[in-house]
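Colleague: below are the sequence and a predicted model; questions follow.
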Amino acid sequence: MHSLAALSISWGELLGRLALAAALGGAIGIEREIREQEAGLRTHMLVSVGAALFTVVGAYGFDGQSVDPSRIAAQIVTGVGFLGAGAIIRRGFSVRGLTTAATLWVVAAVGLASGAGYYSAAAVTTALVLVLLGPLRIVARHYIDRPQGRRLAVELGKGAGSAPVISALERLGVALQSFELEGQVVEIELELPRGARPEDVVAAVGGLEGVQGVRWQQ
């Protein structure tokens, strides 16, 4: 067991590095918290602080022993990948949480940089990530014409199946995101291709044999 007095880092510098890691990780975590993502403020702060502490321990925690600090950094990169995988959720045909998994990976790097004393890199990276998650996201939505996500409810008659409905949507070029069957009602989350009109989808599905009703949901 080593005391901080025996290490080449002071209490003040240690606290400063850990506090910076917590603050920068929290800044990214707040953005994820506001968007109600799977990993929020506390998770991002913990990942950043943990990475910072691992880095400090790797550099100063083995007094008198020959230890390569980069080995612990490599293990941080590998280990946080498993944590990020837990934020990825598959729902029907869609996969959510990829951006949150990426932010967890980035805050681990921010914590590593903070723990190593590379303050400018940690701060600049955090600012860049916030720009990517915020303003750049707005710009991308404004200028990139992406398919429009909608939710369709189809009421089937007795004995009717959902396969003809799926086939009809696929012929229209509709991308299916999720599919749920509750009784005789099929709820489908989909993305309309560019140029497709919602009324065309209703007409195509409503004209199928066995379909009693079609409506768009909010």
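Modeller: Nice, I can see it.
Colleague: for the most centrally placed residue in the chain, give me its contacts.
Modeller: Note on the chain: the residue nearest the mean C-alpha position is residue 100, at 2.2 Å, using C-alpha atoms, centre = their mean. Neighbouring residues of residue 100 by C-beta atoms under 8 Å, 6 or more residues apart in numbering: 32, 37, 38, 39, 84, 87. C-betas here are computed from N, CA, C, even on glycine.
Colleague: quick one, what contacts the residue nearest to residue 158 when sequence neighbours are not counted?
Modeller: Nearest residue to residue 158, sequence neighbours excluded (C-beta to C-beta, 6 or more residues apart in numbering): residue 184, at 7.1 Å. For residue 184, the contact set (C-beta under 8 Å, 6+ apart) comprises 155, 156, 157, 158, 160.
Colleague: show me the two of those that sit farthest apart.
Modeller: Maximum pairwise distance in these, criterion C-beta to C-beta, is 11.0 Å, between 155 and 158.
Colleague: surely residue 193 and residue 176 touch.
Modeller: No. With contact defined as C-beta atoms under 8 Å, residue 193 and residue 176 do not form a contacting pair (12.0 Å).
Colleague: neighbour count winner among the two?
Modeller: Remark: of residue 193 and residue 176, residue 176 carries more neighbours, 16 against 12, as counted by other C-beta atoms under 10 Å.
Colleague: part of a strand, is that one?
Modeller: Yes. Under DSSP: H, G, I helix; E, B strand; the rest coil, residue 176 sits within a strand.
Colleague: tell me the bridge partners for it.
Modeller: residue 190 (DSSP bridges).
Colleague: quick check: it vs residue 151, distance?
Modeller: To residue 151, residue 176 is 11 Å away according to C-beta to C-beta, to the nearest Å.
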